[in-house]
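Peer 1: Using only what follows, build the 3D model:
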Amino acid sequence: MPTTCVTPAEGLANIDSANLAAVMRFVIPFGGLLRGRLAPGETLIVTGATGAYGSAAVLLAIAMGAGRVIAAGRNSAALEAVARAGGVRVVPVSLTGDIQADANSLRAAANGGAQMAFDMVGQARDPNATLAALRSLRRNGRLVLMGSMSSPLPLSYAELMANNWEIIGQFMYPANAYRRLLDLVRARLLDISLIRPHVFPLAALPEAMEAAAKAGSLECVVVKP
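Peer 2: Numbers count the residues shown, from 1 in each chain. Model prediction:
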């Protein structure tokens, strides 16, 4: 392998390789949180928080020092599970699909508004959750887009300008992301064991793929030779 494609994992010998594989779940949202300049003490809203990458974003934001993380989605039971994993700084908010009502709920949970929102909704069929997150931002807030949507995202020119909002599109993560992420693991700021691995032998690949299709957001499937 080219050295530019390999990240040393020194100091992590105490972590089982199956658990260490969960780092791959965190590295993608890490790219978005870095791009959005999440700062310690800030309030972050994560839409799509019950998905695989959305739940990882919630846990990662806590590790990066967010003062409060609003975990937003439509599955109340899954939101509660993410909130329990993240701890007391995570506040779950169930979305209804009504843009203004959801924006009001998010603003209230964020004590008047968030400094940053992180859209991780995958395969969204409408822009409602994204717009609710945008309208829950404080003045000068940032919205990072890393999910996917099949419909247009309607934006108000005047609303963006009047609030000094910043919208950032981000794909994947920078080249040094794995190194920086492993630093959080070494410092025991990020607990990757919160993503539970289910290990299969390579010979059971079909069964592993079936399990992966059914896995919850706080689970991952690992195949070992």
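Peer 1: what's the closest non-adjacent residue to the residue nearest to the spatial centre of the chain?
Peer 2: Against the mean C-alpha coordinate of the chain, by C-alpha atoms, centre = their mean, the closest residue is residue 57 at 2.1 Å. Counting by C-beta to C-beta, 6 or more residues apart in numbering, the nearest residue to residue 57 once its immediate chain neighbours are dropped is residue 29, at 3.7 Å. The way it works is simple: take the backbone N, C-alpha and C, and place the C-beta from them, glycine included.
Peer 1: which helices and strands does the strand or helix carrying that neighbour pack with?
Peer 2: Residue 29 belongs to helix 23-35 when assigned by DSSP states H and E. If you count contacts as 3 or more C-beta pairs under 8 Å, 6 or more residues apart in numbering; DSSP states H and E, helix 23-35 packs onto helix 52-63, strand 114-119, strand 137-145, helix 177-186.
Peer 1: if we go to 6 Å?
Peer 2: The contact analysis (3 or more C-beta pairs under 6 Å, 6 or more residues apart in numbering; DSSP states H and E) places helix 23-35 against helix 52-63, helix 177-186.
Peer 1: Single out the most deeply packed of these.
Peer 2: helix 52-63 (a mean of 26; mean count of other C-beta atoms under 10 Å).
Peer 1: mean confidence score for that helix?
Peer 2: Helix 52-63 carries an average pLDDT of 98.
Peer 1: Next secondary structure element downstream of that helix?
Peer 2: Heading C-terminal from helix 52-63 (DSSP H and E), you reach strand 68-73.
Peer 1: Flag every buried residue along the next helix or strand after that next one.
Peer 2: Next along the chain after strand 68-73, taking DSSP H and E as the criterion, comes helix 76-86. By neighbour count on 16 or more other C-beta atoms under 10 Å, the buried set for helix 76-86 is 78, 79, 81, 82, 83, 85, 86.
Peer 1: Surely the fifth one touches residue 92?
Peer 2: Just to be clear, that refers to residue 83. Yes: with contact defined as C-beta atoms under 6 Å, residue 83 counts as touching residue 92 (4.5 Å).
Peer 1: Could you give the number of residues near residue 213?
Peer 2: By other C-beta atoms under 10 Å, the residues close to residue 213 number 8.
Peer 1: Just the element for the closest residue in space to residue 221 that isn't next to it in sequence, please.
Peer 2: Closest residue to residue 221 apart from its sequence neighbours, by C-beta to C-beta, 6+ apart: residue 212 at 4.1 Å. Taking DSSP H and E as the criterion, residue 212 maps to helix 205-214.
Peer 1: likewise residue 88?
Peer 2: With DSSP H and E as the test, residue 88 turns up in no helix or strand.
Peer 1: what's the neighbour count on it?
Peer 2: 8.
Peer 1: quick one, the helix holding residue 212 and helix 52-63 angle?
Peer 2: Angle between the axes of helix 205-214 and helix 52-63 is 70 degrees (criterion: axes from the mean of the first three to the mean of the last three C-alpha atoms, to 10 degrees).
Peer 1: Only C-alpha atoms, please: export helix 205-214 in PDB.
Peer 2: C-alpha atoms of helix 205-214 as PDB (Å, rounded to 0.1, in the frame of the first residue of the first chain):
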ATOM      1  CA  LEU A 205     -20.200 -13.700   3.900                       C
ATOM      2  CA  PRO A 206     -23.800 -14.100   2.700                       C
ATOM      3  CA  GLU A 207     -25.000 -14.300   6.300                       C
ATOM      4  CA  ALA A 208     -22.900 -11.200   7.200                       C
ATOM      5  CA  MET A 209     -24.400  -9.200   4.300                       C
ATOM      6  CA  GLU A 210     -27.900 -10.200   5.500                       C
ATOM      7  CA  ALA A 211     -27.100  -9.200   9.000                       C
ATOM      8  CA  ALA A 212     -25.700  -5.800   7.800                       C
ATOM      9  CA  ALA A 213     -28.900  -5.100   6.000                       C
ATOM     10  CA  LYS A 214     -30.800  -5.500   9.300                       C
END
